[in-house]
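> Sequence isn't available, so here's the structure alone:
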């Protein structure tokens, strides 16, 4: 291996190291997603039904994303006074991280935009990238287990599990998730998550003694 490395010029060695790093990160995400998929398919994944703040979920997912993808920008736009949703904050954070992971793989240096707003009785959470977009026939297929779309550079990207797991988790929390493309200026992809909104019940004051 050392002899082979000595025959490579610096640019080739750098490209090889970059490929090894990419594949190592891909394998790590694959291994991390497998337990969730196994529990989902076995019906053993417990999904809490707590009151969840979307703002807290977004903050946690973005912090993880910035550590995993330090060179990728993430823009955030949250409507004020968002109501709570009922679900599992850790699993919902994982969903958003998966969506950011997917966006970063396809958007390149453009990064992603996270937006949240209320529409009627729902909280709508979106992740938008400005990558090449998705063909109409693939908008549903990207949520299939092990389905992987092509990257802008022609290589296959992702493990084919992140979006599939995300759909199952969102549906387990009573929500829905779809893909839209094009999203921005006739390109890009927007993943839309809709969750039922709830208002926290105010705690009644204790009667005076």
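Cool, got the structure. Quantities reported herein were computed from a predicted structural model and do not represent experimental measurements.
> mind checking the SS state of the closest residue to residue 142 other than its chain neighbours?
Of all residues not flanking residue 142 in the chain, residue 163 sits nearest, at 5.3 Å (Cβ to Cβ, 6 or more residues apart in numbering). All C-beta spots, glycine's among them, are computed from the backbone N, C-alpha and C. Put simply, residue 163 is helix when judged by DSSP: H, G, I helix; E, B strand; the rest coil.
> Confirm for me that residue 163 is in contact with residue 140.
No: Residue 163 is beyond contact range of residue 140, at 10.6 Å (criterion: Cβ atoms under 8 Å).
> neighbour count winner among the two?
The neighbour comparison of residue 163 against residue 140 (other Cβ atoms under 10 Å) goes to residue 163, with 26 against 13.
> ok, the more buried one - contacts?
98, 99, 102, 142, 143, 191 (Cβ atoms under 8 Å, 6 or more residues apart in numbering).
> Out of the residues you listed, which sit inside strands?
Of those, the ones assigned to strands by DSSP state E are residue 191.
> I'd like the contacts of residue 163 as CSV, with distance to residue 117 and pLDDT appended.
Below are the contacts of residue 163 laid out as CSV (distance: Cβ to Cβ, whole Å; pLDDT from 0 to 100):
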residue, distance to residue 117, pLDDT
98, 21, 91
99, 16, 95
102, 21, 89
142, 23, 92
143, 23, 91
191, 15, 97
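> ranges for the helices of the protein?
2-6, 10-42, 54-68, 89-107, 162-172 (DSSP state H).
> Just grab the bridge partners of residue 128 for me.
In this entry, residue 128 is beta-bridged to residue 113, residue 190, by DSSP bridges.
> Just to check, it is in contact with residue 187?
No: look at residue 128 against residue 187 with Cβ under 8 Å: they stay out of range, at 10.8 Å.
> So which of those two has more stuff around it?
residue 128 (23 against 15).
> can you list contacts of stretch 85-96?
With Cβ under 8 Å, 6+ apart as the test, stretch 85-96 has contacts from 36, 47-54, 56-58, 60-61, 64, 114, 123, 125, 127, 165-166, 169-170, 172-175, 177, 193, 195-198.
> Fine by me, thanks again.
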